[in-house]
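Chemist: Can you look at this prediction? I've put the sequence above it.
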Amino acid sequence: MSPHSSLEQQVTAQLKEGDILFISINSFLYKQVAQGTGSWCSHVGFAIQEKGKWYVLESAVPTVRKTPLHTFLKRTCNNEFALRRLPSELTTTQVLKLKSAADKRMGRWYHLGFNFDSTRQFCSKFVHQVFKDALDISVGKVETLQELIETNPQANLTFWRAWYLGFIPWQRRTITPTSLLVDPQLETIICTI
């Protein structure tokens, strides 16, 4: 059995709709996101079930989409994974509200500048906004790039200056996968790290 098959079995045995899933994507940009937040985590989405099959709703390049669970899990490197959830089990109505809030964002373009105030989406913003709109629960922390860098001095400023074409927009608001990963409102169900 492959490591990903084993992980998928472990996850599906405990998964509930609305669970938030965290992975580590092995690409240069995503590695910079993880390093810049002092974490292994670089991507996040949340689980839904349709016709007995599990999917992850996520904002990924190029748009917000619904991804089969096994495809989502295959993208993580070194089997790095965490599953977290709200402490109270979601009702059927709450799950439907999450799906409805996500549906309103399906197909929206990804924001490579990680601007929280844009109409475009990125992974942590998508999960944060869906939970806020559907359940009035704010998961993660919205902060400026300046606040983020000040609390994470290990971030590669040379990379981020180049990424932002020489000028980091210090007052731009953003939200990171790590801020959702460490949110004290959530309970950890699985963590392979």
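Modeler: That came in fine, so what should we check first? Numbering: from 1, shown residues only.
Chemist: use CA for all of it now, contacts and neighbours both
Modeler: Noted.
Chemist: Just list what the longest strand seen in the chain packs against, helices and strands only.
Modeler: In the chain, with assignment by DSSP state E, the single longest strand is strand 76-85. Judged by 3 or more C-alpha pairs under 8 Å, 6 or more residues apart in numbering; DSSP states H and E, the packing partners of strand 76-85 are helix 3-14, strand 20-25, strand 187-191.
Chemist: Mind listing the strands it pairs with, and their directions?
Modeler: Strand 76-85 pairs in its sheet with strand 20-25 (antiparallel), strand 187-191 (antiparallel), by DSSP bridges.
Chemist: so which of the helices and strands packed on strand 76-85 comes closest to K51?
Modeler: Closest approach to K51 among the helices and strands packed on strand 76-85 is made by helix 3-14 (14.5 Å; C-alpha to C-alpha).
Chemist: Phi, psi for the residue nearest the centre of the chain please.
Modeler: The chain has V44 as the residue nearest its centroid, 1.9 Å off, counting by C-alpha atoms, centre = their mean. With angles defined as degrees, to the nearest 10, V44 sits at phi -150, psi 150.
Chemist: circling back to that earlier point, quick one: list the elements packing against the next helix-or-strand element following the longest strand of the chain.
Modeler: Scanning forward in sequence from strand 76-85 by DSSP states H and E, the next helix or strand is helix 92-103. For helix 92-103, the contact count by 3+ C-alpha pairs under 8 Å, 6+ apart identifies helix 123-135 as packing neighbours.
Chemist: Mind listing residues that contact the helix it packs on?
Modeler: By C-alpha atoms under 8 Å, 6 or more residues apart in numbering, the surrounding residues in contact with helix 123-135 are 43-46, 58-60, 94, 97-98, 100-102, 116, 137-140, 174-177, 180.
Chemist: for that helix, which positions count as buried?
Modeler: Buried positions in helix 123-135, judged by neighbour count with 16 or more other C-alpha atoms under 10 Å: C123, S124, K125, F126, V127, H128, Q129, V130, F131, A134.
Chemist: Make CSV from those residues and add distance to Y164 and pLDDT to it.
Modeler: Below are these laid out as CSV (distance: C-alpha to C-alpha, whole Å; pLDDT from 0 to 100):
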residue, distance to Y164, pLDDT
C123, 19, 98
S124, 19, 98
K125, 19, 98
F126, 21, 98
V127, 24, 98
H128, 24, 98
Q129, 24, 98
V130, 27, 98
F131, 29, 98
A134, 32, 98
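Chemist: All set now, cheers.
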